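Participant: Show me how the following folds:
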Amino acid sequence: MGVHDKHRERVRERFHKSGLEAFADHEVLELLLFYAVPRRDTNEMAHNLIKRFGSLDAVFTAPVEDLVKEPYISETAATLIRLILPLYRRLRIVEANRDKVITSTVQAGEYFIERFVGERQEVMYLACIDLKGRVLACHKLAEGDVSSVNVNIRKIVQYAILSNASAVVLAHNHPSGIALPSNDDTVTTLEVIDALKLIGVEVLDHIIVADDDYVSMRESGIIL
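Facilitator: Here you go, the predicted model:
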């Protein structure tokens, strides 16, 4: 057993005994890299990655093509790194969706915040809801760059019909960190309201998420 093997064994034992709470950020990344980078000093690699990208969460959201520019970071290692946040988001969504009911702004905000964890580009979702407020389905409508997303209103109408929805809640994020609705957000929301009104489906709200905060367009007086 080599020096690196003994070190890795000690780090794994720490994790099994105490979890990640006592680990520094670079140690968390070091441990993860054990399983993609054999026979290398992943402690130094973890330090270099965090130094280059600025923080642990920035490493986890860095593009694969940027990660592989680091020495000894293969596509396999980069893929493992990029898997962490989407996997975490998926688990939180599964928990949030279990028998989920949306009958208030708070419930809508809490429901959608989970979907934007670690998201660095603008994404829009549509939650289809029945008469009792139960979530029938939640669809990703579109993805954009860091400041815009294109919305297909015809697709929204189709999803509402296919889900047999009585109402819907729209949501998108502002990666800028400011949850205030823009003029484009208002125009798009009013267009969706008009389109769904023709098939008897109500738009209950449009939630705008920024980090761990959100703004309701209904509470803001944009949706009446």
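Participant: Which helix or strand lies directly C-terminal to the lengthiest helix in the chain?
Facilitator: With residue count as the measure and DSSP state H as the assignment, the chain has helix 75-97 as its longest helix. Once helix 75-97 ends, the next helix or strand along the chain (criterion: DSSP states H and E) is helix 105-113.
Participant: got the buried residues for that next one?
Facilitator: Within helix 105-113, the residues that count as buried by 16 or more other CB atoms under 10 Å are 105, 108-109, 111-113. In this view, the C-beta of every residue, glycine as well, is placed from N, C-alpha and C.
Participant: Kindly indicate which of those lies nearest V201.
Facilitator: Among these, A108 lies closest to V201 (CB to CB), at 15.9 Å.
Participant: Next, the contact list for the closest one, please.
Facilitator: Counting by CB atoms under 8 Å, 6 or more residues apart in numbering, A108 touches 102, 127, 169, 171, 204-205, 207, 216.
Participant: same check, this time on R218
Facilitator: 105, 204-206.
Participant: what does A36 give?
Facilitator: Contacts of A36 by CB under 8 Å, 6+ apart are 74, 76-77, 80.
Participant: Which of these are buried? Put it as a ChimeraX command.
Facilitator: The following ChimeraX line selects those of the contacts of A36 that are buried, judged by 16+ other CB under 10 Å:
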select :77,80
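Participant: Reformat the contacts of A36 as TSV; add pLDDT.
Facilitator: Compiled in TSV, the contacts of A36 are given as follows (pLDDT from 0 to 100):
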residue	pLDDT
S74	94
T76	94
A77	95
L80	95
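Participant: can you give me the strands for this protein?
Facilitator: 123-129, 135-143, 167-173, 202-210, 213-216 (DSSP state E).
Participant: and those, which one's lowest on average pLDDT?
Facilitator: Mean pLDDT is lowest for strand 135-143 among the strands of the chain, at a mean of 90.
Participant: Quick check: can you list the domain ranges of this structure?
Facilitator: 3-91, 100-216 (automatic domain parsing).
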